[in-house]
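Participant: got a predicted structure plus its sequence, pasted below:
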Amino acid sequence: MADFKQLAEALQTGDMEQVKKLTTQALSDGLGPGQILSEGLIAGMNVVGVRFKNGDMFLPEVLVAARAMHAGLEVLKPRLVETGIKPIGKMVLGTVKGDLHDIGKNMVGMMLQGAGFEVIDIGIDCPPEKFVEAAGQEGIQIVGMSALLSTTMQNMRLTINALQEAGLTKNVKTMIGGAVVSKKFADEIGADGYAPDAASAVDRARELVRLA
């Protein structure tokens, strides 16, 4: 019988092959994909998030764990679609115009997926209109923006303004992050949320989904 604790532990250590094997085994044992996702993969990534915030895990280890989580998700995805299990939230993620950095954004995306979100990653160097177009898709609840350069921070403000002008901020929350931004800056530009790191981004996204 599938051992969710073993699956969660394999994910935390970044053992991709073991995660794939245990996820496949759990499906073979007749367990539902939603249960495997929540009690195995998400449970494992929740521990990773807590350890990362506490300084017990570092970015390279978190990235390895996130890749292992993706390996399990790839096994589950067809079954999740078949059973019509909905994600806990739907989010657009991108790096703002003028900024080509994506490591932080990718990390946030992987952590969000590990927490059960559907993430639409629109990439780097994204002008406001690209965020607006993506935010207009059905079911989008949050738009997440990343910036690593102080020269590109103001493009977050321009993006939020564009979302407001398009009438999207009534139903879509905004969240920002990146080394150069702060809670104070988020408040200044009217962002609904700010996260200093990937694990905090998951917590904040969960809160924003409840408010959406």
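Facilitator: Looks like it arrived, so ask away.
Participant: elements contacting the lengthiest helix in the chain?
Facilitator: Ranked by number of residues, the top helix in the chain under DSSP state H is helix 59-83. Counting contacts by 3 or more Cβ pairs under 8 Å, 6 or more residues apart in numbering; DSSP states H and E, helix 59-83 packs against helix 4-12, helix 16-28, helix 33-36, helix 43-53, helix 103-114. C-beta: built from backbone N, CA, C; applies to glycine.
Participant: pick the most buried one from those helices.
Facilitator: Comparing those by mean neighbour count (mean count of other Cβ atoms under 10 Å), helix 103-114 comes out on top with a mean of 22.
Participant: on that earlier part again, rounded mean pLDDT for the longest helix of the chain, please.
Facilitator: Regarding helix 59-83, the rounded mean pLDDT is 89.
Participant: list the buried ones in that helix?
Facilitator: 61-66, 68-69, 71-73, 75-76, 79-80 (16 or more other Cβ atoms under 10 Å).
Participant: so what are the domain limits for the protein?
Facilitator: Domain segmentation of the chain under automatic domain parsing yields 4-83, 89-211.
Participant: so how far is the longest one off the chain centroid?
Facilitator: From the chain centre to the centre of domain 89-211 is a distance of 10 Å (Cα atoms, centre = their mean, to the nearest Å).
Participant: what's the first-to-last distance across that domain?
Facilitator: End-to-end distance for domain 89-211, by Cα to Cα, to the nearest Å: 11 Å.
Participant: equivalent analysis for the shortest one, please.
Facilitator: Counting by Cα to Cα, the length from the leading to the trailing residue of domain 4-83 is 20 Å.
Participant: with stretch 40-59 instead?
Facilitator: End-to-end distance for stretch 40-59, by Cα to Cα: 21 Å.
Participant: chain center to it, what's the gap?
Facilitator: Offset of stretch 40-59 from its chain centre (Cα atoms, centre = their mean): 14 Å.
Participant: what does that stretch contact?
Facilitator: Under the contact criterion Cβ atoms under 8 Å, 6 or more residues apart in numbering, stretch 40-59 has outside partners 2, 4, 7-12, 19, 22-23, 26, 62, 65-66, 69, 72-73, 76, 107, 111, 114-116, 197-200, 202-203.
Participant: kindly report the same for stretch 80-92.
Facilitator: Contacts for stretch 80-92 (Cβ under 8 Å, 6+ apart): 32-34, 37, 112, 115-120, 122, 131, 134-135, 137, 139-144, 205-206, 208-209, 212.
Participant: kindly recompute the last result at 7 Å.
Facilitator: With Cβ atoms under 7 Å, 6 or more residues apart in numbering as the test, stretch 80-92 has contacts from 32-34, 37, 112, 116-120, 122, 131, 134-135, 139-144, 205, 209.
Participant: do stretch 93-101 as well
Facilitator: The contact list for stretch 93-101, computed with Cβ under 7 Å, 6+ apart, reads 102, 105, 108-109, 119-127, 130-131, 144-149, 151-152, 155-156, 159.
Participant: make it 8 Å
Facilitator: 102, 105, 108-109, 112, 119-128, 130-131, 134, 144-149, 151-152, 155-156, 158-159, 178.
Participant: need the buried ones from those residues selected in PyMOL.
Facilitator: Remark: buried members of the contacts of stretch 93-101, expressed as a PyMOL selection using 16+ other Cβ under 10 Å:
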select buried, resi 102+105+108+109+112+119+120+121+122+124+125+126+127+128+130+131+134+144+145+146+147+148+149+152+155+156+159+178
